[in-house]
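Q: Here is a sequence with its predicted model. Questions after.
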Amino acid sequence: MTNSTSSPLPRQTEHQSRNGVFCFMNRQIKLLKASGRLGTAHNYERARDSLLQFLNGHEISFRALNESLVEGYNKHLMNRGLLRNTISFYMRIWRAVYNKAAAQHLARRNHPFHHVYTGIDHTQKRAVSERQIVRLKRLKLPEGSALDFARDLFIFSYCTRGMSFVDIANLRKSEVRSGMIRYARKKTRQPLMVRIEGPIHLLIKKYADSNPHSPYLFPILKGDSDEADYHRYRLALSRQNKLLNQLSEHLPGKCHLSSYTARHTWATTARNHNIPLSVISAGLGHTSERTTEIYLASLDNSIIDNANQLILKRLK
């Protein structure tokens, strides 16, 4: 075992193996996949493989998953140079798995993750300027090229109040009607409505007409199976970020475009136009902040749409 814990791993009986940490984790992953939560299942697989690597592939009991082992695993991740947020990401998943096992009386409620960091450090997200967004929109790119498609997805995200890439990939033509886009965020299931302004309308027409037989607006998913579409989404996201990195080189100043930049830039631009924070939060579909939850319950959607209209005037 490649860690500072000197005690050897306990030999596993057949019963212990069936109720071991990784067997239990694999059952959780199977349940997540069966319920369509493929993103969470993928994160559980990453956490499983990380701890498996630390333990050289050995199964262990939940009794062996104690404070000493957790702290050794934490030190191992630090020595590998992982960022604190990445380490915390793994620890939060394993804490959740441990608590589920404890609820099923497979583990004791000993809180072995008490002394490791499980928070989230807020990293700086860099927005680009409105001038750079306008420059990006006006770039002369070969029609139908990969760069043209990546640019269109980025602009669509910006124009739709920072719609996330996963929501863009899953956006169905049936969710575009009566001058509105009505969809639920994949991450939170929060229902959102976006009024279709000029730049949005042009992009919808461009891709709806070029992809007439697909239920999806953009040619990313096929809808044959959840797992196949999740794999396509992951590949498309990776490809999108690589192409946006290339597009960054065509913009003035030092900037770095990613699939998240459009969302952060919309929020920053809205703030620069003195749009209230409550309106910005509601426009982004945030539900974790108490203030946002209050405003989501009472805020007229037209206020958000008027805010978006003000921002999009710069693109005309």
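A: Sure thing, it's come through.
Q: Per-residue pLDDT of residue 109, please?
A: The model reports residue 109 with a pLDDT of 87.
Q: whoops, residue 160 was the one
A: Residue 160 is given a pLDDT of 97.
Q: Contact partners for it?
A: For residue 160, the contact set (CB atoms under 8 Å, 6 or more residues apart in numbering) comprises 168, 181, 194, 200. Using the backbone N, CA and C atoms, a C-beta is placed for each residue, glycine as well.
Q: Tell me the spacing between it and residue 169.
A: Distance, residue 160 to residue 169, by CB to CB, to the nearest Å: 13 Å.
Q: the bottom helix or strand of the chain by mean pLDDT?
A: One helix or strand of the chain scores below all others by mean pLDDT, DSSP states H and E: helix 290-298, with a mean of 39.
Q: That one: what's the following helix or strand?
A: Scanning forward in sequence from helix 290-298 by DSSP states H and E, the next helix or strand is helix 301-312.
Q: which residues are in contact with that next one?
A: For helix 301-312, using CB under 8 Å, 6+ apart, the contacting residues are 159, 161, 193-195, 197-200, 266, 269-270, 273, 275, 279-280, 282-283.
Q: rerun that using 7 Å as the cut-off
A: 159, 161, 193, 195, 197-199, 266, 269-270, 273, 275, 279, 282-283 (CB atoms under 7 Å, 6 or more residues apart in numbering).
Q: Pull stretch 60-79 out as CSV, backbone CA atoms only.
A: Provided in CSV are the C-alpha atoms of stretch 60-79 (Å, rounded to 0.1, in the frame of the first residue of the first chain):
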residue,chain,number,x,y,z
ILE,A,60,-11.1,-3.4,2.5
SER,A,61,-13.9,-3.4,5.1
PHE,A,62,-15.7,-0.3,6.3
ARG,A,63,-14.0,-0.9,9.7
ALA,A,64,-10.6,-0.4,8.0
LEU,A,65,-11.8,2.9,6.5
ASN,A,66,-10.8,4.8,9.6
GLU,A,67,-9.4,8.2,10.4
SER,A,68,-5.8,6.9,10.0
LEU,A,69,-6.5,5.5,6.5
VAL,A,70,-8.4,8.6,5.4
GLU,A,71,-5.6,10.9,6.5
GLY,A,72,-3.1,8.7,4.7
TYR,A,73,-5.2,8.9,1.6
ASN,A,74,-5.5,12.6,2.0
LYS,A,75,-1.7,12.9,2.3
HIS,A,76,-1.2,10.7,-0.8
LEU,A,77,-3.4,13.0,-2.9
MET,A,78,-1.6,16.0,-1.7
ASN,A,79,1.8,14.4,-2.6
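Q: what's the average pLDDT for that stretch?
A: Mean predicted confidence for stretch 60-79 is 96.
Q: Pass me the low-pLDDT residue ranges in this protein, would you?
A: Along the chain, the model assigns pLDDT under 70 to residues 1-17, 122-125, 287-303, 316.
Q: For it, which segments count as strands?
A: 176-177, 180-184, 191-195 (DSSP state E).
Q: how about stretch 119-133: buried residues?
A: 127-130, 132-133 (16 or more other CB atoms under 10 Å).
Q: Now do that stretch: everything it contacts.
A: Under CB under 7 Å, 6+ apart, the answer for stretch 119-133 is 84-85, 88, 158, 251-253, 255-257, 260-261, 264-265, 268-269, 314.
Q: Now the terminal residues of that stretch, how far apart.
A: 33 Å (CA to CA, to the nearest Å).
Q: distance between that stretch and the chain's centre?
A: Taking CA atoms, centre = their mean, to the nearest Å, the mean C-alpha location of stretch 119-133 is offset from the chain mean by 15 Å.
Q: In the protein, mark out all the helices, start to finish.
A: Secondary structure of the chain (DSSP state H): helices located at 14-18, 21-34, 38-54, 67-79, 84-103, 130-138, 146-159, 165-169, 198-210, 226-248, 261-272, 277-284, 290-298, 301-312.
Q: Turn those into TSV, columns for distance to residue 185.
A: Listed next are these as TSV, based on distance: least, CB to CB, whole Å:
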stretch	distance to residue 185
helix 14-18	38
helix 21-34	18
helix 38-54	12
helix 67-79	30
helix 84-103	20
helix 130-138	23
helix 146-159	13
helix 165-169	6
helix 198-210	17
helix 226-248	15
helix 261-272	12
helix 277-284	9
helix 290-298	12
helix 301-312	14
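Q: Please consider this matter closed, and thank you.
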